[in-house]
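Novice: can't give you the sequence, but here's the structure:
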C-alpha cells in the first residue's frame, strides 16, 4: 500500500522495521488500508525503500522511506523479531514526528522502538507479555503494564501481543469517529469491537527458577502446595535461617517466598483448569488456595478473570462436558 492522504482523510503511516512480524503489520494494513474513499489512507514506509525482511512471510516490498512520516497523522510501529534498538535515523524520525504532534502507536514489540526514541519516558506502556520485563529493564523510565491489551496515553499508545494490535486499531477508530464506525469495521473483520480483560490470562507465571542453588527446595514446595506452607517451614526444609531463605528467594526469583508460593499455586490452578474437569473446590484444595470463594477472589485478582471464564477460554472440552 502506497497511498497518500487525500483531502480530509487521516493519514496512517506504518513503519516496517527489519524483521517486521507479518501478522503485526497485516493488522493496521487491513484496518486502515482497506477503506475506499473513507476516513483513512495508509502508507507503509521503511528506513530504506526496497525489500524489507519480514518474519513469517516473504520480504516486504516498500516504496517509501522515512520521509513519509512528515505527512502522517498517526504513525504505527508493528512488532519486529528480537527487538533491538533501531538505528538513529529511525529513532530521530519517530521523535521528530512526535514533536510535530503526530499520534504515535505500537503493536507488540514495536513499543521498543517508541521507547528507544524516548517517547515512552514517564508514561505507562505495554508490549507482548513475553517481552515486558526486557522493556522495563532496558527503559526504567517507562512504567510497563504487561497485563493490559493496550494503553492509551493520549498522543502515544501501545498494545500487547499480536491480536491486541487489532484492539488498538479499533480503539483508534472509536476515538476518531465514535463507536458506530468502529463497530462497522469490527464486523467487517469479524472481530470483537471491544474486548474486555487483558493479557493477564495468557502470561506464564514462572515457577521453578533456573538456575538455582536450591532446586530441591523448589521441587519440595511444588509437591506440597496443598499444605499451608510458611516461610519458617521453607527455611527448615532448606536448612537455612529465615533471613537467608528470604535472600535466596529474592536472588533466585526476584520475589518474596510467599509471593512465589502464590504464583506457584495460581500456575498449578491454571494447569488444572486447562487440562481437567475438577471442581473449583477440588482445585482450591489441591493448590492450597483455601475456600472456593478465596480461590475465586485470588484468581480473578491476579489472573484477571474468574476461574470459570479462564476454563471457558482454555478448556472448551471440559465446559461442554459439564
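Specialist: Done, it's in. Computed from a predicted structure; not experimentally measured.

Novice: for the stretch 151-300 of the chain, what are the low-confidence residue spans?
Specialist: Low-confidence segments of the stretch 151-300 of the chain, defined by pLDDT under 70, are located at 192-208, 210-211.

Novice: which stretches of it form helices?
Specialist: Taking DSSP state H, counting those that start in this stretch as the criterion, the stretch 151-300 of the chain carries its helices at 164-177, 179-188, 215-223, 231-238, 242-253, 257-275, 280-287, 292-303.

Novice: which of the ones you listed is buried the deepest?
Specialist: helix 164-177 (a mean of 22; mean count of other Cβ atoms under 10 Å). No exception for glycine: its C-beta is placed from N, CA and C like everyone else's.

Novice: what helices or strands is that helix leaning on?
Specialist: Packing partners of helix 164-177 (3 or more Cβ pairs under 8 Å, 6 or more residues apart in numbering; DSSP states H and E): helix 22-33, strand 103-106, strand 150-152, strand 156-159, helix 179-188.

Novice: one more time with 6 Å
Specialist: helix 22-33, strand 150-152, helix 179-188 (3 or more Cβ pairs under 6 Å, 6 or more residues apart in numbering; DSSP states H and E).

Novice: name the next helix or strand downstream of the first one, please.
Specialist: What it means is helix 22-33. Using DSSP states H and E, the next helix or strand after helix 22-33 towards the C-terminus is strand 40-45.

Novice: name the residues that touch the helix or strand just after that next one?
Specialist: Going down the chain from strand 40-45, the next helix or strand is strand 50-52, by DSSP H and E. Strand 50-52 has contacts (Cβ atoms under 6 Å, 6 or more residues apart in numbering) with 16, 46, 59, 60, 61, 62.

Novice: out of the residues you listed, which sit inside helices?
Specialist: Judged by DSSP state H, these include no members of helices.

Novice: show the buried residues in these.
Specialist: Listed as buried from the contacts of strand 50-52 are 16, 46, 60, 62; burial here means 16 or more other Cβ atoms under 10 Å.

Novice: contacts only, for the first one.
Specialist: Spelled out, that is residue 16. 25, 44, 46, 52, 60, 62.

Novice: that older thread, would TSV of the helices and strands packed on helix 164-177 with distance to residue 85 be doable?
Specialist: Converted to TSV, those look like this (distance: least, Cβ to Cβ, whole Å):
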stretch	distance to residue 85
helix 22-33	18
strand 150-152	21
helix 179-188	34
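
Novice: span of stretch 34-52 from start to end?
Specialist: 22 Å (Cα to Cα, to the nearest Å).

Novice: can we start the residue count at 12 from this point?
Specialist: Sure thing, new numbering starts at 12, so read that last one as stretch 45-63.

Novice: for it, buried residues please.
Specialist: 51, 52, 53, 54, 55, 56, 57, 58, 63.

Novice: in the sheet, who's paired with the third one?
Specialist: Read it as residue 53. residue 23 (DSSP bridges).

Novice: before we move on, what's the pLDDT of it?
Specialist: For residue 53, the pLDDT comes out at 96.

Novice: wait, isn't it in contact with residue 44?
Specialist: Yes: shown here, residue 53 and residue 44 form a contact pair, counting by Cβ atoms under 6 Å, at 3.8 Å.

Novice: show the model's pLDDT score for residue 49.
Specialist: Looking at residue 49, its pLDDT stands at 83.

Novice: apologies, that question was intended for residue 88.
Specialist: 98.

Novice: where's it relative to residue 258, distance?
Specialist: Counting by Cβ to Cβ, to the nearest Å, the gap between residue 88 and residue 258 amounts to 40 Å.

Novice: and for residue 235?
Specialist: Counting by Cβ to Cβ, the gap from residue 235 to residue 258 is 22 Å.

Novice: same deal with residue 281?
Specialist: Counting by Cβ to Cβ - residue 281 and residue 258 are separated by 29 Å.

Novice: before we move on, the earlier item: max pairwise distance over the buried residues of stretch 45-63: which two?
Specialist: The largest separation in the buried residues of stretch 45-63, counting by Cβ to Cβ, is between 51 and 58 at 23.5 Å.

Novice: once you drop chain neighbours, what's closest to residue 238?
Specialist: Excluding its sequence neighbours, the residue lying closest to residue 238 (Cβ to Cβ, 6 or more residues apart in numbering) is residue 299, at 6.4 Å.

Novice: which ones are touching residue 326?
Specialist: residue 285.
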